[in-house]
Structure formats: structure tokens, C-alpha cells
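>>> please work out how this folds:
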Amino acid sequence: MTALVLALLVQQDPRTIALIAGPLDSHPIDTHEYEKNVHLLRYLLERSLKNVRVDVHLNGWPADPAALDRADSIVITSGGSDRKLE
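A predicted model of the protein is given here:
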């Protein structure tokens, strides 16, 4: 039984985490650094977790939503809206 559990752990597919950085908003530069946030989070996740893949998507929701189909987890950092208020 122990050998089976170990074999399953070794064979386990990597988990995929999708990080989405919202577009820049109307705040002054360097106040909301969404892109820097996801790049830092990617760096930390890849170095602290084994068997993980991190996909980064910049400027809001990916143009091709199918890019998120393989994600086991999705993390969004943004101002809360991809639309422009007028």
C-alpha cells in the first residue's frame, strides 16, 4: 500500500495556477502595481511549491478564455473592473 501511495505522489500531474493582473487604472503610477504583484507571486510560488505551474495573464482577462481551462486555481489582482467609467 505504501508503495502505491508513493507511486501516485510521484506520478501526480503538476497543478496549474493562473494569475491575472488587471489593467492599469487611473491611479498614479507605482500605486497599483498589478503586473509586479503577479510576477512576484509567480516567483514565490515556483520556488516554494513543488510540482506547480504558474501561468501569468497581464492587462485583465485573457483574450482567449480557453487559456484558463487547464487552471486548477485562478487568482485575480485588479482594481475590480475591466471597463472604463466615463
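>>> grab the most central residue of the protein for me.
Using CA atoms, centre = their mean, the residue of the chain that lies closest to the mean C-alpha position is residue 19, 1.7 Å off.
>>> check which helix or strand covers that one.
strand 15-21 (DSSP states H and E).
>>> residues in contact with the residue nearest to the centre of the chain?
38, 41-42, 54-57, 75, 77 (CB atoms under 8 Å, 6 or more residues apart in numbering). For the C-beta atoms, the positions are set from N, CA and C on the backbone; glycine is no exception.
>>> how about 6 Å then?
Contacts for residue 19 were tallied using CB atoms under 6 Å, 6 or more residues apart in numbering; they are 38, 41, 56, 75.
>>> after the strand holding residue 19, next one along is what?
helix 34-48.
>>> and that next one, how far out from the chain middle?
Mean C-alpha position of helix 34-48 versus that of the full chain (CA atoms, centre = their mean, to the nearest Å) differs by 8 Å.
>>> how about whichever helix or strand comes after that helix: buried residues?
Under the assignment DSSP H and E, the closest C-terminal helix or strand after helix 34-48 is strand 52-57. Using 16 or more other CB atoms under 10 Å as the test for burial, strand 52-57 gives 52-55, 57.
>>> the residue nearest to the centre of the chain bridge partners, please.
residue 56, residue 75 (DSSP bridges).
>>> tell me the pLDDT of it.
On the pLDDT scale, residue 19 is placed at 95.
>>> re the thing from before, and the buried residues of strand 52-57, which two are furthest apart?
Spatial extent of the buried residues of strand 52-57 (CB to CB) is set by the pair 52 and 57 at 16.4 Å.
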